[in-house]
Structure formats: C-alpha cells, structure tokens
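Q: let's see this in three dimensions:
(2 chains)
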Amino acid sequence: DARVTQTPRHKVTEMGQEVTMRCQPILGHNTVFWYRQTMMQGLELLAYFRNRAPLDDSGMPKDRFSAEMPDATLATLKIQPSEPRDSAVYFCASGFWQVRTDTQYFGPGTRLTVL
Amino acid sequence: GENVEQHPSTLSVQEGDSAVIKCTYSDSASNYFPWYKQELGKRPQLIIDIRSNVGEKKDQRIAVTLNKTAKHFSLHITETQPEDSAVYFCAAGDSENAGGTSYGKLTFGQGTILTVHP
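A: Numbers count the residues shown, from 1 in each chain, chains lettered A, B, ... in the order given. Model prediction:
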C-alpha cells in the first residue's frame, strides 16, 4: 500500500530559525502539492509541482517560503526565517495527473511549532 | 478562482441516524468533486469522489450526489457509527482552461466536524 511520506513529523523551533520539511511522493505520481492546515484557515494550498516544475506558488508568502523538487522522489518546503504565525500542520499530497484532475493522496503531515 | 462553501460546520447525530453535508462551488467548469475524512491528528483520506458526468455515486453506507445546474454536491452517510466521527472536507477540482491545460488543483471547503453519539 504505497503512501506519501513526510519528515519530520514534528518540529519545534524558535522564531528566526530555518525550517525544512521533506516529502516523498508515491512512486509514479507526477504532481505534488503543499498544503498548510490551521484551525482558522482550513486547508490552504501553498504550492504545487507537475513533473517537478512549479505550476503555482501564489499561496506562499514569497519573502520567507520556498518550495522545490530536486528530483522526482523528493519535494521540499523551506521557511526562512520562521515566525510564530507559521505554526501549523503542513501536508504534502501527490497524485497522477493526465488530462484531467484526479485523486490526491496526503502524507501524514509535519506539525510545526514556532516559539 | 474557485470558491467552495461547506455546511454545516458542525453536525451531531445519534448512532444509526443519517448525516448529510452540503457544499456549493462557484466555478461551473469544475468537474471533479472528492470528499475527504480526517480523524484527529491524522491525514485527510479520500472516502468517495464523483465526476461531473454522473449525478450520484454510492459506496456501502456513503453516497455523494451532484447537481451541476445548481453547483452543489452533498455527502450522505447512512446508519452512522461512532467511528464515523471525524472532520469531513469537500473539494472541487480545477478544470481545463480555455487553452486546454488542466492545472489539477483542488479547492477545499472549510470542513464539517461530525460527531456520532453512541
């Protein structure tokens, strides 16, 4: 049963520190999404990639967030410098897109706390 | 862009009763509508989905209906059980644009907290 994996599962850091979250999509999937979940905002799309190319990162604060896919098996989301308002659960999801929108499978999430 | 509204935000039912959650969407070109269930501290998991070429889909105790004209879709859970207690999210899939390129995004509703009392 293939699953999306994410590391770390939990991260506590101090304001101003750099945070890097990693995601391994399901093998063969060509689309990777990064979401942020908070009680107030629900599930927000931050950025997504298709065939490793960024398609849309309009949901990310550009001054401090960056997302990359160094290869087909790894996606990263980086926050530098981190702020307390970045505290949330960050989910990665992957899917296979061909012609039409299709199912997204979520990873277990990274729970980030910025003190 | 797409906008998805979900109601109610909380729903409390007795075990064995039915539960209905409703969503409306704004982009008439959206053509994919999944529902996710998220238990406390866990990842969202797909429970059922429907495409715009069908009006209803069932899977055991859960069903989804779609009204494209009115731009709304609903999740129906029958014979609810305590293990159905979770947050349920609806979503609408981004469509092909005029240039024929589908971006494959999902826009999520705000979620419904379902509590099933034994």
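
Q: buried stuff in stretch B:16-34?
A: Applying a neighbour-count criterion of 16 or more other Cβ atoms under 10 Å in any protein chain shown, one finds B:19-25, B:27, B:30-34 buried in stretch B:16-34. C-beta: built from backbone N, CA, C; applies to glycine.

Q: run the chain-centre distance for that stretch.
A: Its chain's average C-alpha position is 5 Å from that of stretch B:16-34, according to Cα atoms, centre = their mean, to the nearest Å.

Q: for stretch A:11-27, same thing?
A: Using Cα atoms, centre = their mean, the distance between the centre of stretch A:11-27 and that of its chain works out at 9 Å.

Q: what sits up against that stretch?
A: A:2-8, A:32, A:34, A:72-84, A:86, A:90, A:92, A:94, A:105, A:107, A:110-115 (Cβ atoms under 8 Å, 6 or more residues apart in numbering or on different chains).

Q: quick one on the thing from earlier: ok, and of the buried residues of stretch B:16-34, which contact chain A?
A: B:31-32, B:34 (Cβ under 8 Å from any Cβ of the partner chain).

Q: okay, who's weakest in those by pLDDT?
A: Among these, residue B:31 has the lowest pLDDT, at 86.

Q: and for the closest residue to that one other than its chain neighbours, the neighbour number?
A: Excluding its sequence neighbours, the residue lying closest to residue B:31 (Cβ to Cβ, 6 or more residues apart in numbering or on different chains) is residue B:52, at 4.2 Å. The number of residues packed near residue B:52 is 17, by other Cβ atoms under 10 Å in any protein chain shown.

Q: and residue A:79, by the same measure?
A: What residue A:79 shows, counting by other Cβ under 10 Å, is a neighbour count of 21.

Q: and the one 5 residues further on, by the same measure?
A: A count of nearby residues for residue A:84, using other Cβ under 10 Å, gives 10.

Q: how about the residue nearest the centre of chain A, what does it touch?
A: Taking Cα atoms, centre = their mean, the centroid of chain A lies closest to residue A:34, which sits 3.0 Å from it. Contacts for residue A:34 (Cβ under 8 Å, 6+ apart) come out as A:23, A:45-48, A:60, A:67, A:75, A:77, A:90-92.

Q: so residue B:106 makes contact with residue B:35?
A: No: using Cβ atoms under 8 Å as the test, residue B:106 is too far from residue B:35 to be in contact (11.2 Å).

Q: and for the two, which residues touch both?
A: In contact with both residue B:106 and residue B:35: residue B:91, using Cβ under 8 Å, 6+ apart.

Q: what's the helix or strand of chain A with the lowest mean pLDDT in contact with?
A: Within chain A, no helix or strand scores below strand A:53-56, which has a mean of 88 by mean pLDDT, DSSP states H and E. Here strand A:53-56 makes contact (Cβ under 8 Å, 6+ apart) with A:45, A:47-49, A:67, A:69, B:103, B:105.

Q: what is the neighbour count of the residue nearest to residue B:44 when sequence neighbours are not counted?
A: Closest residue in space to residue B:44, ignoring its immediate chain neighbours: residue B:36 at 3.9 Å, by Cβ to Cβ, 6+ apart. Residues lying near residue B:36 (other Cβ under 10 Å) number 24.

Q: so what's residue B:36 up against?
A: Per Cβ under 8 Å, 6+ apart, neighbours of residue B:36: A:106, B:44-47, B:88-89, B:91, B:108.
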